[in-house]
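[1] Here's my sequence, what's the structure:
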Amino acid sequence: MKPSTHVPKSLWGQSTTEEFCTAVVDFVQRHGAVSGIVKRMEQLGHGAVARSWLGNDVNIPIFSEQLHALFGTSALRAFAARLGLQPRDLVRRLSQTLPQILNRLASSQGLTPSASMY
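    Prediction:
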């Protein structure tokens, strides 16, 4: 298990809580980190969506079905339960937060859409 990554609330704005962002960062790390998630999205045919989140000002949205395909319904349900959220609410919040978090993590790691991370 990878250590928790602290994400200051000021990085994410007021629309999400520090605890939620920290939990999403941990979730991302457990599912392959930035490069693993981008690679999986490429495999699912959603590479353009993932690449739009890395250093680009315009994030292509990710939809519920894509999140379920990416992480699996059981993983999303378990994550929602851990956070005390309904799965539907988690997916809605994750669809809004995941692009920002992957962008910030990729930036902090020097990853760009052109970097050889796939």
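[2] What ranges does this structure have for its helices?
    Counting by DSSP state H, the chain has helices at residues 9-12, 18-30, 33-43, 47-52, 64-71, 73-83, 87-108.
[3] Just give me the residue right at the centre of the protein.
    Centroid-nearest residue in the chain, with CA atoms, centre = their mean: Leu98, separated by 3.2 Å.
[4] Let's test this: name the helix or strand in the protein with the lowest mean pLDDT.
    Ranking every helix and strand in the chain by mean pLDDT, DSSP states H and E puts helix 9-12 at the bottom, with a mean of 41.
[5] So Arg88 versus Ala23, what's the distance?
    In this view, Arg88 and Ala23 are 17 Å apart by CB to CB, to the nearest Å. Every C-beta, even on glycine, is put in place using the N, C-alpha and C of the backbone.
[6] In terms of packing, which of these two has more residues around it?
    Taking other CB atoms under 10 Å, Arg88 and Ala23 do not tie; Ala23 has more neighbours (20 against 11).
[7] Per-residue pLDDT of the more buried one, please?
    pLDDT recorded at Ala23 is 94.
[8] Can you tell me, leaving aside adjacent residues, what's nearest to it?
    Leu83 (5.9 Å; CB to CB, 6 or more residues apart in numbering).
[9] again, but for Met41
    Per CB to CB, 6+ apart, closest to Met41 is Ala50, 4.0 Å.
[10] For the helices of the chain, could you give me a markdown table that also reports distance to Val58?
    Conversion of those to a markdown table gives the following (distance: least, CB to CB, whole Å):
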| stretch | distance to Val58 |
| --- | --- |
| helix 9-12 | 18 |
| helix 18-30 | 21 |
| helix 33-43 | 17 |
| helix 47-52 | 6 |
| helix 64-71 | 17 |
| helix 73-83 | 26 |
| helix 87-108 | 10 |
